[in-house]
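S.K.: Task: produce atomic coordinates for the following.
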Amino acid sequence: MNLQGIAQIALYLLLVLAITKPLGAYMQRVFDGERTLLSPVLRPLEALIYRLCGVDENAEQRWTGYTAAMLLFNLAGMLVLYGFERLQGFLPLNPTGLGGVPPDLAFNTAVSFTTNTNWQSYVPETTMSYLTQMSGLAFHNFISAATGIAIAIALVRGLARRSAATLGSFWVDVVRSTLYVLLPISIIFALVLVWQGVPQNFNDYTLVTTVEGATQTIAQGPVASQEIIKEAGTNGGGFFNANSAHPYENPNPLTNFIEMLAIFAISAGLTYSFGRMVGDTRQGWAVWAAMAILFLVGVTVAYWAEARGNPLLAGVNQQVTTTQAGGNMEGKEVRFGITNSALFATITTDASCGAINGWHDSFMPLGGMVPLVNIMLSEVIFGGVGS
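M.R.: Sure, this is the predicted structure:
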């Protein structure tokens, strides 16, 4: 451990703290139907969506109706994604001519992305077409996150109203989650990622000749738009098999920091939204503080354990210096070093996100215990959006 690493962790938590209140206050206004900075632009679109879908935005639902709407909406979305996967060989935006995804894998993936689990038992760049990635998987990255936020807001309303018979409208909550929260964040930061070198195109895969004379295929596609919602929606499903360890998903330390910040942003902000909606912001800050303490304990243990080095390499100089990475770097993302490997692993498992910027199964026993404990805590620490 060194001062620079500690400073990086402290800066990260301070920035999460800095965005908690403004983002939380903004989300409270969104879900209470109040005017926001984006209302002049988005309100006409929101109203149009309600008209096209036949939704009365002033009609609230009991918990049974809210739950039924949530389940039916996500069931329909799951079937659509399954259809995209099975039929992708006949659909456009398939530059490598990939065939349909096998039935069992298509069903597994559809269920996984619908539930915000995003378990990938396939290699994305050789299995999924651009259309499936963009209109199927990325769509569910938005909708599963919006569903989680909507359910969280409904729960908060139940606590705030105490004896009310209704909890709001699922249709209104999911539209506002997507339109006012997830889309603006994703558009802004996707452009930042493109600026930093993340691809966003429909080009064919590129064939190149390596310095040894071999031929290599360079996969690309609409990466940036899926990358940011992967983090902001705490989804975790990567455009590439290597996930955020791939330089096209995560090119440099700036994008790495932005992606880590996106994972905690909405979850942190919702604690302040909760405080505002129940009429006592101290309750929201108490939840935030408890989560922050658990996060700090975890990242401190992971960083300390990883920076000590591998005991199996006793007698080998593994100390961190200005000229070498040091510590237990076996299998780590060497572009970002020990601190950011430990920090990313702690953040992504705190939020049940699943995005990775290195191979964490190579962590030392004590350092690797932190992600395992976080997973077993079931999203308690800055949990996924809605937890």
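S.K.: Let me see the contact set for the nearest residue to G97 once chain neighbours are set aside.
M.R.: Using CB to CB, 6 or more residues apart in numbering and skipping residues adjacent in sequence, the residue nearest G97 is G89, 7.6 Å away. C-beta here means a position set from N, CA and C on the backbone, and glycine is covered the same way. Applying CB atoms under 8 Å, 6 or more residues apart in numbering to G89 gives the contacts G97, L98, G99, G100.
S.K.: Next: Q28.
M.R.: Residues counted as contacts of Q28 (CB under 8 Å, 6+ apart) are Y272, S273, R276, M277.
S.K.: again, but for L270
M.R.: G24, M27, I149, A152, V385, G386.
S.K.: for T206, phi and psi?
M.R.: Here is the backbone geometry of T206 (degrees, to the nearest 10): phi -100, psi 130.
S.K.: And the pLDDT for the closest residue to M1 other than its chain neighbours?
M.R.: Nearest non-adjacent residue to M1, counting by CB to CB, 6+ apart: A307, 4.8 Å away. If you check A307, the pLDDT there is 80.
S.K.: Next, count neighbours for A307.
M.R.: 22 (other CB atoms under 10 Å).
S.K.: ok, it touching I6?
M.R.: No - the pair A307 and I6 fails to qualify as a contact (CB atoms under 8 Å) at a distance of 10.5 Å.
S.K.: follow-up on the earlier one: specify which member of the contacts of G89 is nearest to L42.
M.R.: Closest approach to L42 among the contacts of G89 (CB to CB): L98, at 35.5 Å.
S.K.: need the contact list for the closest residue to the closest one other than its chain neighbours.
M.R.: Spatial nearest neighbour of L98, chain neighbours left out: S129 (5.2 Å); criterion: CB to CB, 6+ apart. Shown in contact with S129 (CB under 8 Å, 6+ apart): Q88, L91, L93, N94, P95, T96, L98.
S.K.: For these, name the two members farthest from one another.
M.R.: Spanning the widest gap among these are L91 and T96, at 13.1 Å by CB to CB.
S.K.: Which one's more surrounded, these two?
M.R.: Comparing L91 with T96 by neighbour count (other CB under 10 Å), the higher total belongs to L91, at 16 against 13.
S.K.: and that one, what does it touch?
M.R.: F84, S129, L131, T132.
S.K.: cutoff 6 Å now
M.R.: L131 (CB atoms under 6 Å, 6 or more residues apart in numbering).
S.K.: All the helices of the stretch 151-300 of the chain, residue numbers only.
M.R.: Counting by DSSP state H, counting those that start in this stretch, the stretch 151-300 of the chain has helices at residues 170-176, 183-195, 223-232, 253-278, 281-307.
S.K.: Just the buried positions in the longest one, please.
M.R.: Read that as helix 281-307. Going by neighbour count (16 or more other CB atoms under 10 Å), the buried part of helix 281-307 is 281, 284-285, 287-288, 291-292, 294-295, 298-303, 305-307.
S.K.: now for that helix, which elements pack on it?
M.R.: Counting contacts by 3 or more CB pairs under 6 Å, 6 or more residues apart in numbering; DSSP states H and E, helix 281-307 is packed against helix 253-278, helix 337-350, helix 365-376.
S.K.: so how far is the longest one from its chain's centroid?
M.R.: Centroid displacement of helix 253-278 relative to its chain, using CA atoms, centre = their mean, to the nearest Å, is 11 Å.
S.K.: just the angle between that helix and helix 183-195, please?
M.R.: If you take axes from the mean of the first three to the mean of the last three CA atoms, to 10 degrees, helix 253-278 sits at 170 degrees to helix 183-195.
S.K.: Direction-wise, compare helix 253-278 with helix 281-307 and give the angle.
M.R.: Going by the same axes, to 10 degrees, helix 253-278 makes 150 degrees with helix 281-307.
S.K.: can you offset everything so residue one is 35?
M.R.: Yep, numbering from 35; the last one is helix 287-312 now.
S.K.: Could you list the buried residues of helix 287-312?
M.R.: For helix 287-312, a neighbour-count test (16+ other CB under 10 Å) marks 289-312 as buried.
S.K.: re the thing from before, in TSV, list the helices and strands packed on helix 315-341 along with distance to L47.
M.R.: Below are the helices and strands packed on helix 315-341 laid out as TSV (distance: least, CB to CB, whole Å):
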stretch	distance to L47
helix 287-312	9
helix 371-384	10
helix 399-410	16
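S.K.: With mean pLDDT as new columns, can those helices be given to me in CSV?
M.R.: Below are those laid out as CSV (pLDDT from 0 to 100):
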stretch, mean pLDDT
helix 287-312, 96
helix 371-384, 89
helix 399-410, 76
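S.K.: and S178, what is it in contact with?
M.R.: Residues near S178 by CB under 6 Å, 6+ apart: N150.
S.K.: ok so it is a helix residue?
M.R.: Yes - membership of S178 in a helix is supported by DSSP: H, G, I helix; E, B strand; the rest coil.
S.K.: what's in contact with the helix or strand hosting L105?
M.R.: Per DSSP states H and E: L105 is located in helix 97-121. For helix 97-121, contacts defined as CB under 6 Å, 6+ apart pick out G134, V135, A140, A144, T148, T166, G170, H174, I177, A188, L201, F204.
S.K.: I appreciate the help and will end here.
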